[in-house]
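Asker: coordinates only, no sequence provided:
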C-alpha cells in the first residue's frame, strides 16, 4: 500500500513539473522571441526583417556605385573639390566627379580601408531615411530602437558583405507578442576589391612605365600635320598655328586612346593588318587574368589640355631657313625641331561583366598625363601633400599598423658607366613613408650585423603608391612609390652632391676672344643633366647663384645655358661637360662662358632667335667659346 502511494506521489510531482513547463513555455512565447540571422525568422516578422534587408542592400548598392563612379570616393574632400582640374566628369554634363589618382606630382589613390570606411559611413547615415521610422508597419507593429546602428563591411573576391547590428524591440499589436531582432546581413554582388586591385595596378604601371605618355609622344611624332623634327627643300618658311596643332592633338587623343587595351582582360583582338597597334596598344599590366572585365581609356576634347611648344613666335611656329654650302648655295632648306610640353587627364573605366545581376559594375579612375620636352615626366612638379578629412590624425594613422613590415636598405650611389658599380651602403639616412598627407616616420638607417649592412625596418600602415623618402645631409633626397600590401624590402640609392658658387662672363659674337661681365639687363639660366639627375641655377649680375653637382666622381653632364635680356634669348652655351672631381671638391667657384649674339634686325629676329636655341651647340663651336672653368 505504501509502495503504491509513493508511486502516485511521483506521478503527481511529474505532472506538476510538466504543467509548469508548458505554462512557462507559453508565457515566454507570448512575451519575447529572440532570433539571430542564422535562425529561422518567424512568419509574423518576416516582412519587417526583409524590409530592413532590402534597405541595407539598396543603400550599399548605391554607395558602391558612387564609389566606382567617383574613383573610390563617395564624398570628394573639399580641398579636392575646390581645386580646379583635380577631378573630371566622364562626360561634360555629368554630375559625377572622378578624382585624378595622380595629379601634378601627387598620388591621390584612396586606400582600400578608406573606401570601406566611406561605405560603412554611407550605409550608417542613410539607413534611417530608407526605413522611414518603419511607417509601413505602424498599424501592425510597435517597433522600438534599443541601440544605435553599427555597420561592418568586408570586401570579398566575388562580392562584399554588409553586416548591420541594429537592436529592435518588435511587438505584434494584435496578440501583444514580443520579438527581438538585432543582426542583419546581405551580400552585394559587386566585386569592388577586384576592380580596385586592377585599377591600382594600372596606376602603378603608368607611374612606372609612362605608357600613356609614350603613346602620346608617338602621336605627335607620327602625324604629318604636327611639326616635330624634319626638313624641307624650300625657300619659303613654313608656319604653323599653335591653336591648330592643339586642336589636332586633342582630336588624335580622342580617337586613339580608346584603342588601348589591357592584356589579359576582355577586349576585341586587334586585326593583323594593324601591326603597330598590336605591338604598341596592348598594355601588359598584370599576370592575373580578368576575362570578365573590360578596360577602356578616353579623353574628351572639352576637358583641360595644356600645351607649350618651343621655340615659338607667340601663337605660331616657324621653320629655320638655311642655304646649302659652296656649289649648293642656290638650295634653300627649311629645318625644324620643336619640343613639346603636354598635360591632360586620361579617363579609365573598368566594367565588370561578372556581376550576378542584370547590370555591370563600373569602377573609374583618372590621372594626369605629363610630357616635358618631348619626354615623359611625372616629377616635373614639386610633390604636394594632401589629406582626407575623414582619414584621422597623422599619429593615429601611423599607429594603425597592419603588420606590413617595410625594410629599407640605404646606399650611396656613385655608380657610373665609366667607373662601374661603386655603390656602397651608408647609414644615417632619415626615412619617412607618406600616404596622401599622412607622413609616418620609419626611422634612420643604421649599421647592422657588426657593420655588414645598413638598413631600417619598421611596420607601416597599408597604402597604395605611398611615397618612401630618404634624406641625409650632403645627398640628394630620393623618393620612390611603394605599395605596402605585403612585407617588403626595398633599396634607396642616394646621390652624393656638392654645391658651388657660379659666375658668368659673356663673349660677343664679333669678338669671341674677349670676355666681359654681364650687363644689368642680362639673366642666365644654367641647367645640367645626367641620367635622371637635373640641377638648375639662375644668375644675375647682382645675384650670383649656386649650382648643385654630383660628387665623388668625374661625371659628364649635358650642359645648357641660356643668356637673356629684357626682350629675348641672346645666346648661351651648350655642350657635354666633364667635371674633374679632384678640382671640384676644393673649388671656390665655377666660371661659365657664354656666347652673346648681336641685336637682330626686326625682320630676321624670329629666325635668328630660333637659330640661337636650336643650333646653340654649333654656335659655341663656331665661335670657340671656352669651356667652364673650375676656380680653385
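Answerer: Structure received. On a predicted model such as this, the values are computed, not experimentally measured, just so you know.

Asker: helix or strand next in line after the lowest-mean-pLDDT helix or strand in the chain, which one?
Answerer: The helix or strand of the chain with the poorest confidence is strand 33-35; it has a mean of 41 (mean pLDDT, DSSP states H and E). Counting by DSSP states H and E, the next helix or strand C-terminal to strand 33-35 is helix 46-69.

Asker: would you pull up how far that next one lies from the middle of the chain?
Answerer: 31 Å (Cα atoms, centre = their mean, to the nearest Å).

Asker: buried stuff in the next helix or strand after it?
Answerer: Downstream of helix 46-69, the first helix or strand assigned by DSSP H and E is helix 78-81. The neighbour-count check on helix 78-81 (16 or more other Cβ atoms under 10 Å) flags residue 80 as buried. Where you see a C-beta, it was placed from the backbone N, CA and C, and this is true even at glycine.

Asker: now residue 509: how far from residue 572?
Answerer: 12 Å (Cβ to Cβ, to the nearest Å).

Asker: span of stretch 524-537 from start to end?
Answerer: 8 Å (Cα to Cα, to the nearest Å).

Asker: check which residues of it are buried.
Answerer: For stretch 524-537, by 16+ other Cβ under 10 Å, it's 524-528, 530, 533, 535, 537.

Asker: out of the residues you listed, who's nearest residue 228?
Answerer: residue 527 (22.2 Å; Cβ to Cβ).

Asker: got the contact list for the closest one?
Answerer: Applying Cβ atoms under 8 Å, 6 or more residues apart in numbering to residue 527 gives the contacts 534-536, 559-561.

Asker: can you rerun that using 6 Å?
Answerer: Counting by Cβ atoms under 6 Å, 6 or more residues apart in numbering, residue 527 makes contact with 536, 560.

Asker: double-check that it belongs to a strand.
Answerer: Yes - looking at residue 527 with DSSP: H, G, I helix; E, B strand; the rest coil, it is inside a strand.

Asker: tell me the pLDDT of the spatially most central residue of the chain.
Answerer: The centroid of the chain falls nearest to residue 102 when counting by Cα atoms, centre = their mean (2.9 Å). Looking at residue 102, its pLDDT is 91.

Asker: what residues are up against it?
Answerer: 367-368.

Asker: same thing with residue 523?
Answerer: Counting by Cβ under 6 Å, 6+ apart, residue 523 touches 540, 564.

Asker: report the separation between the nearest residue to residue 115 once chain neighbours are set aside and residue 427.
Answerer: Distance criterion Cβ to Cβ, 6 or more residues apart in numbering; nearest residue to residue 115, sequence neighbours excluded, is residue 72 at 5.3 Å. According to Cβ to Cβ, residue 72 and residue 427 sit 39 Å apart.

Asker: the more surrounded of these two?
Answerer: residue 72 (26 against 16; other Cβ atoms under 10 Å).

Asker: phi, psi of the more buried one?
Answerer: Note on residue 72: backbone dihedrals following degrees, to the nearest 10 are phi 100, psi 10.

Asker: so it touches residue 109, yeah?
Answerer: No - applying Cβ atoms under 6 Å, one finds residue 72 not in contact with residue 109, separated by 7.5 Å.

Asker: helix/strand/coil for residue 469?
Answerer: strand.

Asker: what sits against it?
Answerer: 432, 479.

Asker: so it bridges to which residues?
Answerer: residue 432, residue 479 (DSSP bridges).

Asker: so what pLDDT did it get?
Answerer: 92.

Asker: partners of the helix or strand harbouring residue 187, with directions?
Answerer: Taking DSSP H and E as the criterion, residue 187 maps to strand 177-188. Its sheet considered, strand 177-188 pairs with strand 33-35 (parallel), strand 160-172 (antiparallel) by DSSP bridges.

Asker: can I get those strands in CSV including distance to residue 547?
Answerer: Formatted as CSV, the strands paired with strand 177-188 follow (distance: least, Cβ to Cβ, whole Å):
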stretch, distance to residue 547
strand 33-35, 77
strand 160-172, 55
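
Asker: ok, and the closest non-adjacent residue to residue 486?
Answerer: Nearest to residue 486 is residue 404, by Cβ to Cβ, 6+ apart, at 6.6 Å.

Asker: which residues touch the one you found?
Answerer: Residues near residue 404 by Cβ under 6 Å, 6+ apart: 460, 462, 484.

Asker: out of the residues you listed, the closest to residue 230 would be?
Answerer: Taking the contacts of residue 404 together and measuring to residue 230 by Cβ to Cβ, the closest member is residue 484, at 47.6 Å.

Asker: tell me the pLDDT at the closest one?
Answerer: Residue 484 is given a pLDDT of 84.

Asker: measure the closest residue to it other than its chain neighbours to residue 518 for me?
Answerer: Leaving aside its sequence neighbours, residue 484 sits nearest to residue 404 (Cβ to Cβ, 6+ apart; 4.4 Å). Relative to residue 518, residue 404 is positioned 55 Å away (Cβ to Cβ).

Asker: same thing with residue 527?
Answerer: Residue 527 is 18 Å from residue 518, where distance means Cβ to Cβ.

Asker: what's the separation between residue 253 and residue 215?
Answerer: 9 Å.

Asker: more neighbours, these two?
Answerer: More neighbours surround residue 253 than the other of residue 253 and residue 215, with 25 against 20 (other Cβ under 10 Å).

Asker: cheers, nothing more for now.
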